[in-house]
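Trainee: no sequence on this one, just coordinates:
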């Protein structure tokens, strides 16, 4: 697995006002960062999430962690693409 920095990972997160009311989503898909983080918090393994969502990639899950970190550390999220 390649090591990515947070900025690279955050490029996987987009915001589209037409999808889920503008909540952060992964690569323009109808998979929200919130939903992935909720599943992880409930103890769902990353491998299970990837099985349930075949278009999702491991680095997409890492991007959710990077997004959460950026939000709680009050960093500016300039890297998030607004569609």
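Mentor: Happy to help now that I have it. Here the structure is a predicted model, which means the values were calculated and not measured. Numbers count the residues shown, from 1 in each chain.
Trainee: Please enumerate the helices of this structure.
Mentor: Here the chain has its helices, by DSSP state H, at 6-10, 33-41, 46-52, 58-72.
Trainee: closest to residue 26 out of the ones you listed?
Mentor: Between residue 26 and the helices of the chain, the tightest spacing by Cβ to Cβ is seen for helix 58-72, at 4.7 Å. (C-beta placed from N, C-alpha, C; glycine too.)
Trainee: Quick one: list the elements packing against that closest one.
Mentor: helix 6-10, strand 13-15, strand 24-26, helix 33-41, helix 46-52 (3 or more Cβ pairs under 8 Å, 6 or more residues apart in numbering; DSSP states H and E).
Trainee: give me every residue that touches the residue nearest the centre of the chain.
Mentor: The centroid of the chain falls nearest to residue 64 when counting by Cα atoms, centre = their mean (3.2 Å). Shown in contact with residue 64 (Cβ atoms under 8 Å, 6 or more residues apart in numbering): 13, 26, 33, 36, 37, 40.
Trainee: Go again with 10 Å.
Mentor: Under the criterion of Cβ atoms under 10 Å, 6 or more residues apart in numbering, the neighbours of residue 64 are 9, 12-13, 24, 26, 31-37, 39-40, 49, 56.
Trainee: filter those residues to the buried ones?
Mentor: With burial judged by 16 or more other Cβ atoms under 10 Å, the buried subset of those is 9, 12-13, 24, 26, 31-33, 35-37, 39-40, 49, 56.
Trainee: For residue 15, the count of nearby residues, please.
Mentor: Applying other Cβ atoms under 10 Å, we find 18 other residues in the vicinity of residue 15.
Trainee: now do the one 3 residues further on
Mentor: By other Cβ under 10 Å, 7 other residues sit near residue 18.
Trainee: quick one, phi/psi of it?
Mentor: Here the main-chain torsion angles of residue 18 (degrees, to the nearest 10) amount to phi -90, psi 0.
Trainee: and the gap between it and residue 26?
Mentor: Applying Cβ to Cβ, to the nearest Å, the value for residue 18 to residue 26 is 15 Å.
Trainee: Turn the helices of the chain into TSV, including mean pLDDT.
Mentor: Formatted as TSV, the helices of the chain follow (pLDDT from 0 to 100):
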stretch	mean pLDDT
helix 6-10	85
helix 33-41	97
helix 46-52	98
helix 58-72	93
